[in-house]
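*Asks:* When you get a sec, could you give me coordinates for this:
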Amino acid sequence: MKNKLLIIWSTEEIEVAKKMVLLYSGVMLERGYWDEAILMIWGPSARALSENIELQEKVKEIAKTGVKLQACVVCTDEYGVSDKLKDLGVELTHTGEMLTQALQSDCKTITF
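*Replies:* So this is what the prediction gives:
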């Protein structure tokens, strides 16, 4: 059985994004902490990511490690940032369904 982690990034706080969410996301697969991981960009974090070049560069680096990047399509549409996140390699999805599946499975979940 694979160890799976879902990180839900919802805060718009830049310091939390840099020092917690993206820091951990950037090392967790390479260090073997998890076999699979998803970084879910949900709510205000989508806007923060679309506006902050430093966060964008970090997300690009994280994608190279194998972490799957997903964002709430409803949120990105409401903020008008869907194209920007797609350009960063983020998959836009209906996150409620994915979150429900993760919670009903053996996937561990953490929220920031």
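*Asks:* going forward, measure contacts between C-alpha atoms and count neighbours the same way
*Replies:* Noted.
*Asks:* after the helix-or-strand element of the chain with minimal mean pLDDT comes which helix or strand?
*Replies:* Across the helices and strands of the chain, mean pLDDT, DSSP states H and E gives its lowest value to helix 95-104, namely a mean of 89. Beyond helix 95-104 in the direction of the C-terminus, DSSP states H and E gives the next helix or strand as strand 108-111.
*Asks:* So for that following strand, mean pLDDT?
*Replies:* Averaging pLDDT along strand 108-111 yields 94.
*Asks:* Quick test: name the residue nearest the centre of the chain.
*Replies:* Closest residue to the average C-alpha location of the chain: Leu39 at 2.5 Å, with C-alpha atoms, centre = their mean.
*Asks:* which SS class is that one?
*Replies:* In terms of secondary structure, Leu39 is strand; the call rests on DSSP: H, G, I helix; E, B strand; the rest coil.
*Asks:* Dump the least confident helix or strand of the chain to PDB, keeping only the CA atoms.
*Replies:* What follows is helix 95-104 as a C-alpha-only set of coordinates in PDB (Å, rounded to 0.1, in the frame of the first residue of the first chain):
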ATOM      1  CA  THR A  95     -11.900  19.600  -5.700                       C
ATOM      2  CA  GLY A  96     -14.900  18.700  -3.600                       C
ATOM      3  CA  GLU A  97     -15.200  15.300  -5.200                       C
ATOM      4  CA  MET A  98     -11.500  14.700  -5.000                       C
ATOM      5  CA  LEU A  99     -11.300  15.700  -1.400                       C
ATOM      6  CA  THR A 100     -14.200  13.400  -0.600                       C
ATOM      7  CA  GLN A 101     -12.500  10.500  -2.300                       C
ATOM      8  CA  ALA A 102      -9.200  11.200  -0.400                       C
ATOM      9  CA  LEU A 103     -11.000  11.400   3.000                       C
ATOM     10  CA  GLN A 104     -12.800   8.200   2.300                       C
END
